[in-house]
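K.L.:
okay, predicted coordinates and the sequence, questions at the end:
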Amino acid sequence: LQASGLLAHVHVDDREEVGLLLELSGNIPAAAEPIQGVDWRFLHANGVLLWGQLNSFWIAEGGAPHSRCVVVQDITARKQMEEGIRRVEKLQAIGRLAGGLAHDFNNLLAIIMGRLSLIHSSAGESAETSEHLASAEEACRRARALTGRLLAFSPGGVPKRQAVALVTVAQAAADLCLRGSGVRATYHVDAGLPLADADPGQMEQVFLNLFCNSIDAINKEGTTQGTIDVTMGQQILALGAHPMLTAGTYICVAVTDNGCGIPTEQLPQVFEPFFTTKSGGSGLGLASVYSILQAHGGHIEVASMPTGGSQVTFWVPVSVAMAVEPQLEQGAFPVHHRGVGRILVMDDEPAVRDVLCSILERNGYEVVGTPEGGAAIAAWNDARDGEKPFDVVVLDMIVDEGLGGAETLAQLQAQDASVRAIICSGYDLSASPRGHRPEAQAYLQKPFSASFLLDTVKRVLEQPV
């Protein structure tokens, strides 16, 4: 293989470095120094980017080197795996930051929603006042949806899996994105396609991001007849069939558009957090899609098509029989619940603790508030010893100082197995697998309305001890 022939297959950005190294080793055969284990990018004849490990050594005859042997080993799969691991590690770091921000913001929303409920119960039955307060609560719910997007990056964003028809989710997302855009979506779905084991809300977010990106690319290209083609089929992968997927049965989805495509040199960066080619873009769209699919045990890839446009392909595991934990709907104004019982509330955020206590007290309960788990355990024991035990304990999962909800509940349950508990958190604990969350009677994700809190307390009180 001549050096010029090898260089023709080397990626243009690596060509100068490879050529210089080959030239040096070729012009000084007396040194007979081999090139060992150097990784460079190569381009296949079809334009696909490959990684090769180059090894070169001189072949000697009669003590004198007379020709050079160049061996290029395809290490693309290994590089893809290394890149996947690096990307996951970066997303995990961002996830910790995003999860903390979402948790704190949900705490603030919990205060706002609780105060709105209290204002409503004090404001009488004015229709105008009720309308304004209901509108404010709806704005809080929309803000909570935004924090849900942040939680997609975090350990608190575990998918709520259920059997999902992906084509239905895709069509609903397309209806939202494509209306008025002039872009048309077509679907090619294998007959008898099984359901996916997925979170329908997160899958909708995946399709929304992909469709919006396709629309932007089509508009940038100036195509008069923009099309997005969605194909779905079942794939059974054996062990090692794909470097980023375990053996199993998947639904493979390909979303192809006829937009401007993605430059080859940018393809490795498209899933990087904060990387964007859009003016004013956040760079979190495809990063969140990647994170969601990783959490589902799936994978995603992107390629530019030879005929123009781009194609995004992703895999989601198929559904198997599974138990779905029932979800309570958030309540709305007005609040008419009245209850009887003693409630212990633990939350390290004074404003959150105060609003929870106020809602419960205003609706008939006797309430004691504490800032952390140690104080909650002491209050629980004092009440038990004073023969005025608490009926329910409401615990914040995460506190800055002292015992958090999980440790507190474990100690209370060690003393009294009949403890009835409600765990609150800015994370969605109901989505966490059993064994990774405290065994409580109910879980509340902040922010929640007064009605939802009171409904939950009533439901827990009705459970047998």
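P.N.:
Perfect, thanks for sending it. Numbering: from 1, shown residues only.
K.L.:
break down this structure into its helices, ranges please.
P.N.:
3-7, 12-27, 76-122, 127-151, 166-178, 200-221, 285-295, 350-362, 373-385, 405-415, 450-462 (DSSP state H).
K.L.:
and the ones you listed, which is most packed in?
P.N.:
helix 285-295 (a mean of 23; mean count of other C-beta atoms under 10 Å). Bear in mind the C-beta positions are built from the backbone N, C-alpha and C, glycine included.
K.L.:
on contacts alone, who are the packing partners of that one?
P.N.:
helix 76-122, helix 200-221, strand 299-304, strand 310-317 (3 or more C-beta pairs under 8 Å, 6 or more residues apart in numbering; DSSP states H and E).
K.L.:
could you rerun that using 10 Å?
P.N.:
When contacts are defined as 3 or more C-beta pairs under 10 Å, 6 or more residues apart in numbering; DSSP states H and E, helix 285-295 packs onto helix 76-122, helix 127-151, strand 196-198, helix 200-221, strand 299-304, strand 310-317.
K.L.:
which one of the ones you listed lies nearest to Val367?
P.N.:
With C-beta to C-beta as the measure, helix 76-122 is the member of these nearest Val367 (13.2 Å).
K.L.:
average model confidence for the closest one?
P.N.:
The average pLDDT for helix 76-122 rounds to 74.
K.L.:
before we move on, what about stretch 212-220?
P.N.:
86.
K.L.:
then that stretch to CSV, C-alphas only?
P.N.:
Output of stretch 212-220 as CSV, limited to C-alpha atoms (Å, rounded to 0.1, in the frame of the first residue of the first chain):
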residue,chain,number,x,y,z
CYS,A,212,-38.5,20.3,15.7
ASN,A,213,-34.9,19.8,14.6
SER,A,214,-36.1,18.4,11.3
ILE,A,215,-38.4,21.4,10.7
ASP,A,216,-35.5,23.8,11.4
ALA,A,217,-33.3,21.9,9.0
ILE,A,218,-35.9,21.8,6.3
ASN,A,219,-36.5,25.6,6.7
LYS,A,220,-32.8,26.2,6.6
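K.L.:
and Leu356, what is it in contact with?
P.N.:
Residues counted as contacts of Leu356 (C-beta atoms under 10 Å, 6 or more residues apart in numbering) are 110-111, 114, 343, 345-347, 349, 367, 369, 394, 396, 424, 444, 448, 450, 453.
K.L.:
swap the cut-off to 8 Å and go again
P.N.:
Gly114, Val345, Asp347, Gly369, Val394, Leu453 (C-beta atoms under 8 Å, 6 or more residues apart in numbering).
K.L.:
ok, now how distant is the nearest residue to the first one once chain neighbours are set aside from Ala379?
P.N.:
In this structure, Gly114 finds its nearest non-sequential neighbour in Val355, 3.4 Å apart by C-beta to C-beta, 6 or more residues apart in numbering. Separation of Val355 from Ala379 (C-beta to C-beta, to the nearest Å) stands at 19 Å.
K.L.:
could you check the pLDDT of the residue of the chain most remote from its centre?
P.N.:
Distance from the C-alpha centroid of the chain peaks at Gly62, with 63.3 Å (C-alpha atoms, centre = their mean). According to the prediction, Gly62 has pLDDT 73.
K.L.:
again, but for the one 5 residues further on
P.N.:
Note for Ser67: predicted pLDDT of 75.
K.L.:
what does Pro334 give?
P.N.:
In this model, Pro334 carries a pLDDT of 45.
K.L.:
and if you look at Glu361?
P.N.:
92.
K.L.:
now for Gly52, how many residues are close by?
P.N.:
By other C-beta atoms under 10 Å, the residues close to Gly52 number 21.
K.L.:
nearest residue to it other than its sequence neighbours?
P.N.:
Nearest non-adjacent residue to Gly52 (C-beta to C-beta, 6+ apart): Val72, at 4.3 Å.
K.L.:
what is the one you found paired to in the beta sheet?
P.N.:
Under the criterion DSSP bridges, Val72 forms beta bridges with Leu54.
K.L.:
quick one, what contacts it?
P.N.:
Leu6, Phe42, Gly52, Gln53, Leu54, Asn55.
K.L.:
do Gly182 as well
P.N.:
With C-beta under 8 Å, 6+ apart, Gly182 has these contacts: Gly226.
K.L.:
gap between it and Trp58?
P.N.:
62 Å.
K.L.:
show me the residues around Gly248 that make contact.
P.N.:
Gly248 neighbours (C-beta under 8 Å, 6+ apart): Ile236, Leu237, Pro317, Val318.
K.L.:
what's the closest of those residues to Arg144?
P.N.:
Relative to Arg144, the closest of those is Pro317; by C-beta to C-beta it sits at 27.9 Å.
K.L.:
how many neighbours does Gly222 have?
P.N.:
Around Gly222 there are 9 residues (other C-beta under 10 Å).
K.L.:
pull the residues that contact stretch 221-233.
P.N.:
166-167, 170, 174, 178, 181-190, 193, 211, 214-215, 218-219, 251-261, 308-309.
K.L.:
low-confidence ranges in the stretch 151-300 of the chain?
P.N.:
Counting by pLDDT under 70, the ranges of the stretch 151-300 of the chain that qualify are 151-158, 273-284.
K.L.:
possible to save the contacts of Val72 as TSV with pLDDT and distance to Glu361?
P.N.:
Shown next, in TSV, are the contacts of Val72 (pLDDT from 0 to 100; distance: C-beta to C-beta, whole Å):
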residue	pLDDT	distance to Glu361
Leu6	67	79
Phe42	80	71
Gly52	84	71
Gln53	86	70
Leu54	78	74
Asn55	82	76
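K.L.:
just the closest of these to Val289, please.
P.N.:
The closest of these, once distances to Val289 are taken by C-beta to C-beta, is Phe42, at 28.2 Å.
K.L.:
contacts only, for the closest one.
P.N.:
His9, Val10, His11, Leu49, Leu50, Trp51, Gly52, Val72.
K.L.:
take the residues you listed and keep only those in strands.
P.N.:
Within the contacts of Phe42, residues falling in strands by DSSP state E are Leu49, Leu50, Trp51, Gly52, Val72.
K.L.:
hmm, the second one is touching Asp14, no?
P.N.:
No: between Leu50 and Asp14 no contact is recorded; they are 11.8 Å apart, counting by C-beta atoms under 8 Å.
K.L.:
joint contacts of the two?
P.N.:
Counting by C-beta under 8 Å, 6+ apart, the residues touching both Leu50 and Asp14 are Arg41.
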